[in-house]
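> Model the following, please.
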Amino acid sequence: MDRLRTQTQPLHDRAEGHEFQRALIKGQLPREAYAAWLGQMLLVHAALERRLRALRERSPAVALVVRDEQFQEPYLLEDLRFFGVDDRTLRTQAGAASLIAEIEDAAAREPMALLGMHYVLEGSNNGNRFIAMALRKAMGLTPGNGDRYLDPYGERQRALWQQFKDDMNSCQFTPVEQEAMLRGAEAMFRGIARVSDDLAPLVAR
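Model (predicted):
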């Protein structure tokens, strides 16, 4: 976990500093822009989580680390319904499409990279709780309505993140598996930046 955090920090900072992400963090996104982001993230999560479910069947380590409640697809669907978006109408934009292609490639070539990708998205929940607070104020949302993806665990966030870290650190991953996870985490950070690129024109100016 320490290696994943330190070696991906520059990419984490770059993704977090994106214009779209800054507007999200500040609660300055128009509702339609936020809903569009949720839609693209649903497509990414659906692809990754489908592959992780399959990987859990083959890897005891992944089965230990990746728990059902970490899958965010149901929360994203719930939020999209709140904003009146039918997920069947979603169209994959270029950034999400390229990230999904990387997920599929990882599943075929080095499956443990999927765990590195999952690490990025699961870890983002730590900061997302604070984004949810800003979003509620800006959009007049009440907890649990339109903000489930950003705050899926509520007051359990810290404990669940500690459990995730402990589970990861308890696994005896080989050096090859660790390298794959690192590449997966880096790919996810770069992919999120590309998703943000696609949505940047929707930021209120």
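> CA atoms for contacts and neighbours, from now on please.
OK.
> Nearest residue to the middle of this protein?
The chain has Leu121 as the residue nearest its centroid, 3.0 Å off, counting by C-alpha atoms, centre = their mean.
> Distance check, the spatially closest residue to Arg194 that is not a sequence neighbour against Leu182.
Nearest non-adjacent residue to Arg194, counting by C-alpha to C-alpha, 6 or more residues apart in numbering: Gly95, 4.6 Å away. From Gly95 across to Leu182, the span is 20 Å (C-alpha to C-alpha, to the nearest Å).
> Likewise for Asp79?
30 Å.
> Could you count how many residues lie near Glu179?
17 (other C-alpha atoms under 10 Å).
> Low-confidence regions, the protein specifically.
Scanning the chain for pLDDT under 70 picks out the ranges 204-205.
> What ranges does it have for its strands?
Taking DSSP state E as the criterion, the chain carries no strands.
> Ramachandran coordinates for Phe173?
With angles defined as degrees, to the nearest 10, Phe173 sits at phi -70, psi 140.
> mind checking how far it is from Met117?
Distance from Phe173 to Met117, by C-alpha to C-alpha: 16 Å.
> Please say which of the two ends up with more neighbours.
Neighbour count, other C-alpha under 10 Å: between Phe173 and Met117, Met117 has more, with 24 against 14.
> ok, that one to Arg51 distance?
Remark: distance between Met117 and Arg51 (C-alpha to C-alpha) = 11 Å.
> Just confirm His45 contacts Gln72, I think it does.
Yes. Between His45 and Gln72 there is a contact at 6.7 Å, judged by C-alpha atoms under 8 Å.
> Around Met112, how many other residues sit close by?
Using other C-alpha under 10 Å: Met112 sits among 25 other residues.
> Now do the contacts for it.
106, 177-178, 180-181, 184 (C-alpha atoms under 8 Å, 6 or more residues apart in numbering).
> Which two among these are spaced furthest apart?
Distance extremes for the contacts of Met112: the farthest pair is Ala106 and Gln178 at 13.7 Å, using C-alpha to C-alpha.
> more neighbours, Gly95 and Leu182?
Leu182 (24 against 21).
> hang on, the earlier thing: what separation is there between the residue nearest to Arg194 and Glu102?
Per C-alpha to C-alpha, Gly95 is found 11 Å from Glu102.
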